[in-house]
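Novice: here are the coordinates; sequence isn't available:
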């Protein structure tokens, strides 16, 4: 959202452009030789305006990525605004780092290790490992803790007003995926409402609809209030990502084929097999093996960017099996493997560069890499590196 300062700047730029155009017209009449200089100034101002808008768009995208990661995906590292929340495994302690003040402090030390935590800018929500403890916990930034739900869960999805979760029924040690009933409640753990039963895997919320796979291995969507269930596909197919116009799923009955299902036209296409889906800075990427003309599957992996319209745009052969695709930003992939350490590849020329500076970056988020120095648990340091 553009703030008041940015609006004023845009208004000033518009006024300047209008004045320059008026001057240009007068100069053409009085002295045509000065018109070229006016045009150069006009172009420079337009370029500056475009660069300013691009920076604003990138900042908004990075803020959205941080919010999605912290509120919908969860993990051991969350960030909203200038506040970083991270979990230190050795001490079982949740820390808060204020980037504006460059200070880190302990919030709370827990009895049991956590599975995932989430952050909405005001409170932390976490779920412990299934065999250690059960329930959903809420912690404020002063370290006050409250158990807001007795039910075990392996997935939370935090919105501005509600918490969506899978009420776990049993536990699969092999896959360690959510399986049970999708529910929602307010942020104090009250007014629990059951939305969908017998969920087999992770669910996704988009445009007031929830997308999920049932125990019968069919994909469904349902309104977030639990009404109007619609079957999408059948046969060992699991949702792995949802956008405004398309859905990506994996078909375990067909060599782990990755499909894109257009939600408007129902067009269903195969992009490739095996591999992974990654989301960075509001963009979706698939790093997978393609099917060749003779029906065999290519050994190497090809990276695709999925456009907003659900089309696969090929980037190139960036990361094969055993190489971790850490992050993608500004047309550059950040990768790591044990043999070569950290390195980058530029998409324009596929040029590979050493990136030792990123070797110790434990997390990548919002256009930055983050190093955490926990050699002194009473004085943990965080270094942020722009990408």
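Specialist: Ah, there it is. Since this is a predicted model, take the numbers as computed values, not measurements.
Novice: all contacts plus neighbour counts: C-alpha atoms, from now on.
Specialist: Will do.
Novice: who's in contact with residue 199?
Specialist: By Cα atoms under 8 Å, 6 or more residues apart in numbering, the contact set of residue 199 is 166, 178-182, 212-215.
Novice: rerun at 7 Å
Specialist: 179-182, 212-215 (Cα atoms under 7 Å, 6 or more residues apart in numbering).
Novice: where does the closest residue to it other than its chain neighbours land on pLDDT?
Specialist: Leaving aside its sequence neighbours, residue 199 sits nearest to residue 214 (Cα to Cα, 6 or more residues apart in numbering; 4.5 Å). In this model, residue 214 is scored at 92, pLDDT.
Novice: can you list the buried residues in the lengthiest strand in the chain?
Specialist: Taking DSSP state E as the criterion, the chain has its longest strand at strand 268-280. Buried positions in strand 268-280, judged by neighbour count with 16 or more other Cα atoms under 10 Å: 269-275, 277, 279-280.
Novice: name the helices or strands packed onto that strand?
Specialist: strand 257-262, strand 283-289 (3 or more Cα pairs under 7 Å, 6 or more residues apart in numbering; DSSP states H and E).
Novice: list the contacts of that strand.
Specialist: 255-262, 284-291, 327-328.
Novice: okay, residue 8: pLDDT?
Specialist: pLDDT at residue 8 comes out at 65.
Novice: then residue 40?
Specialist: 62.
Novice: please apply the same query to the one 5 residues further on.
Specialist: We have a pLDDT of 56 for residue 45.
Novice: strands along the stretch 151-300 of the chain, start to end?
Specialist: Chain-ordered strands for the stretch 151-300 of the chain, with DSSP state E, counting those that start in this stretch as the definition, fall at 156-158, 162-168, 180-186, 193-199, 204-206, 209-213, 219-223, 230-233, 237-242, 246-251, 257-262, 268-280, 283-289.
Novice: of those strands, which approaches residue 322 most closely?
Specialist: strand 268-280 (10.8 Å; Cα to Cα).
Novice: quick one: pLDDT of residue 315?
Specialist: Per the predicted model, pLDDT is 95 at residue 315.
Novice: that one: neighbour count?
Specialist: 16 (other Cα atoms under 10 Å).
Novice: quick check: angle from the helix or strand where it lies to strand 257-262?
Specialist: Using DSSP states H and E, residue 315 sits within strand 312-316. With axes from the mean of the first three to the mean of the last three Cα atoms, to 10 degrees defining the directions, strand 312-316 sits at 140 degrees from strand 257-262.
Novice: show residues contacting strand 312-316.
Specialist: 302-307, 347.
Novice: mind listing the helices for the stretch 1-150 of the chain?
Specialist: Applying DSSP state H, counting those that start in this stretch to the stretch 1-150 of the chain gives helices spanning 4-30, 35-68.
Novice: surely residue 364 touches residue 327?
Specialist: Yes. Judged on Cα atoms under 7 Å, residue 364 makes contact with residue 327 at a distance of 6.4 Å.
Novice: just give the number of residues close to residue 340.
Specialist: 12.
Novice: pairing partners for the strand holding residue 315, with directions?
Specialist: Applying DSSP bridges, strand 312-316 is found paired with strand 302-306 (antiparallel).
Novice: between strand 246-251 and the partner strand, find me the angle.
Specialist: Using the same axes, to 10 degrees, strand 302-306 lies at 140 degrees relative to strand 246-251.
Novice: circling back to that earlier point, for the residue nearest to residue 199, what are its contacts?
Specialist: Contacts of residue 214 (Cα under 7 Å, 6+ apart): 198-200.
Novice: mind running it again at 8 Å?
Specialist: 197-201, 220.
Novice: just the buried ones from these, in PyMOL syntax?
Specialist: Here is the PyMOL command that selects the buried residues among those (16+ other Cα under 10 Å):
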select buried, resi 198+199+200+201+220
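Novice: of the contacts of residue 214, closest to residue 207?
Specialist: residue 220 (14.6 Å).
Novice: wait, the closest one touches residue 226, no?
Specialist: No. Between residue 220 and residue 226 there is no contact under Cα atoms under 8 Å: 11.9 Å.
Novice: can you get me a residue count around residue 148?
Specialist: Residue 148, neighbours per other Cα under 10 Å, totals 18.
Novice: check the gap between it and residue 139 for me.
Specialist: Using Cα to Cα, to the nearest Å, residue 148 is found at 10 Å from residue 139.
Novice: also residue 281?
Specialist: Taken as Cα to Cα, the span from residue 281 to residue 139 is 28 Å.
Novice: could you do residue 228 as well?
Specialist: Applying Cα to Cα to residue 228 and residue 139 gives a distance of 35 Å.
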